[in-house]
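Visitor: this is a predicted model, with the sequence first.
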Amino acid sequence: MRGWILLALAACHGGVVDDVDTDTDVDTDDTDVGVVETDTDGVDTETDPVDTEVDSDPVDTDSDGVETDTELTESDTDVVDSDTDVVDTDTDLPETDTEVAVDSDTDTDTDVAADSDTDTDVVDTDTDTDGALDSDTDTDTDVVVDTDTDTDTDTDTDTDTDTPPTVPLPGFGTITGDCGVLDDGEWLSSDPFLFRGTVDFGTTVYDPSLLSAGGQEIITEGTLGGSSVESEAVSYDLLYRCELADLLLSESEIVYVDPAGKKTDMLVAIDGRNVGVSVTRALTFQFPNPCAAPDLTALGTLIDRKVGDLQLSEANADPVNAWERSILYVIACDAAHADAVETLFANLPSTTRGDAILIVVNAEGDDGFLY
């Protein structure tokens, strides 16, 4: 936009200069230098040629030049005023001074002093004329630029400064703890990270329709095996509500280099980045209690295997749907299991943890549908 404005200004400025006839050259071929003569008494002895020069000076027939000649006449009047002041200072030669004033109006090539003043004034007149044109151009330009800039800036600012939604988004279960925590601090680091949270379903009876669109899609498409579809759907739902994750591919849609190799449960986009998400549950089942006291040995084996598989599945992804970071999402049946998972993850070898992101959520309320 600015480029178009500059081109328009350049064109506009050039047009103004072409339309104004700035030719203020005075024809000196027909003038008589020394026509006005003074004797030792200061009396003008020859004044008729002055009048003749006035009548013979041609009028510029150029329509543009008429305007310029008018301005020169005003400049000549200034010369008369200046010369009149000189007359006032010379009381001995009143008649001679009067003649000089008349000659300054009509003949630019009279006495040397008159010529000097007249030439200077003519140059000043040209400068003033150009200055007036420049002033008009600058004024018009400022108005156009200021108007466009104010309008564009206000419009762009209003459009580009949309307020991001507040997390967690509304949905099934009340979320507390770490939420909305993933950003460049994690994406640009090669370190492992762990976050903790809680989701309380209260007394609300689970129904797939309570989940987000992505969660419902996972329920509909199912898994490649096992009975963890609800925990995968809820895990995505929580990522959507806290990290604004978009579901790109469900488990059955992801393409791998080796179909028999390690896999992940879903591919999502967070902050414009592809992220592979694997889901597991942390619980100790002792019939009829699905959430007995934590079995640290069994949990240690589970966490070691699941974290190690993140790097393997990431390497097995086909380039058409490759991802740059992996998350292990753990749903723990109570706070004791969540605490155990956190400790076990911290004690893993650094080569196993790699740059894994571990999110541990403690489920509360009516959460039996997850187990």
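Guide: Thanks, I have the structure now. Note that the structure is predicted; figures quoted are calculated from it, not measured.

Visitor: which stretches in the chain count as helices?
Guide: Remark: helices assigned in the chain by DSSP state H are 2-19, 48-56, 63-89, 94-106, 112-160, 184-187, 213-221, 229-243, 296-316, 335-346, 350-353.

Visitor: where in the stretch 151-300 of the chain is pLDDT low?
Guide: 151-161, 225-226 (pLDDT under 70).

Visitor: can you give me the strands in it?
Guide: Using DSSP state E, counting those that start in this stretch, the strands of the stretch 151-300 of the chain run over residues 174-177, 193-200, 246-250, 266-270, 273-282.

Visitor: would you map out the domains in the protein?
Guide: With automatic domain parsing as the criterion, the domains of the chain are listed as 2-160, 174-370.

Visitor: span of the last one from start to end?
Guide: Distances were taken as C-alpha to C-alpha, to the nearest Å; on that basis the terminal residues of domain 174-370 are 16 Å apart.

Visitor: go on, stretch 338-358?
Guide: 11 Å.

Visitor: contacting residues for residue 325?
Guide: Residues in contact with residue 325 (C-beta atoms under 8 Å, 6 or more residues apart in numbering) are 186-187, 273, 275-276, 355, 357. (C-beta placed from N, C-alpha, C; glycine too.)

Visitor: partners of it in the sheet?
Guide: residue 275 (DSSP bridges).

Visitor: just to revisit the earlier point, so which of the strands of the stretch 151-300 of the chain is nearest residue 343?
Guide: Set against residue 343 and scored by C-beta to C-beta, the strands of the stretch 151-300 of the chain come closest in strand 193-200, at 10.3 Å.

Visitor: tell me the buried residues in that closest one?
Guide: 193-199 (16 or more other C-beta atoms under 10 Å).

Visitor: what's in contact with it?
Guide: Outside strand 193-200, the residues that touch it by C-beta under 8 Å, 6+ apart are 173-179, 181, 186, 234, 238, 242, 338, 342, 345-346, 356-365.

Visitor: try stretch 201-220
Guide: The contact list for stretch 201-220 (C-beta under 8 Å, 6+ apart) reads 171-174, 229-230, 232-234, 236-237, 240-241, 245-247, 250-251, 266, 363-367, 369.

Visitor: isn't residue 187 up against residue 272?
Guide: No. Residue 187 lies out of contact with residue 272 (C-beta atoms under 8 Å); the separation is 9.4 Å.

Visitor: who has more neighbours, those two?
Guide: residue 187 (16 against 7; other C-beta atoms under 10 Å).

Visitor: leaving out sequence neighbours, find the closest residue to the more buried one.
Guide: Distances taken as C-beta to C-beta, 6 or more residues apart in numbering place residue 273 nearest to residue 187, at 5.9 Å, with adjacent residues excluded.

Visitor: then residue 302?
Guide: residue 280 (6.6 Å).

Visitor: from what I see, that neighbour and residue 307 are in contact.
Guide: No. Using C-beta under 8 Å, residue 280 is not in contact with residue 307; the gap is 9.8 Å.

Visitor: residue 169 - how many residues pack around it?
Guide: With other C-beta under 10 Å as criterion, residue 169 counts 15.

Visitor: ok, the closest residue in space to it that isn't next to it in sequence to residue 235 distance?
Guide: In space, and not counting its chain neighbours, residue 169 is closest to residue 241: 4.2 Å by C-beta to C-beta, 6+ apart. Here residue 241 is placed at a distance of 11 Å from residue 235 (C-beta to C-beta, to the nearest Å).

Visitor: comparing these two, which residue is more hemmed in?
Guide: Neighbour totals were compared for residue 241 and residue 235, and residue 235 leads with 28 against 24 (other C-beta under 10 Å).

Visitor: let me see the contact set for that one.
Guide: 265, 277, 279, 329, 331, 361.

Visitor: and those residues as a markdown table, adding neighbour count?
Guide: Output for the contacts of residue 235, formatted as a markdown table (neighbours: other C-beta atoms under 10 Å):
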| residue | neighbour count |
| --- | --- |
| 265 | 24 |
| 277 | 26 |
| 279 | 25 |
| 329 | 24 |
| 331 | 27 |
| 361 | 25 |
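
Visitor: need the max-distance pair from those.
Guide: Farthest pair in the contacts of residue 235, by C-beta to C-beta: 265 and 361, 15.0 Å.

Visitor: residue 313 contacts residue 267, correct?
Guide: No. Assessed by C-beta under 8 Å, residue 313 is found out of contact with residue 267, at 10.5 Å.

Visitor: more neighbours, those two?
Guide: residue 267 (22 against 19).

Visitor: distance of that one from residue 275?
Guide: From residue 267 across to residue 275, the span is 7 Å (C-beta to C-beta).
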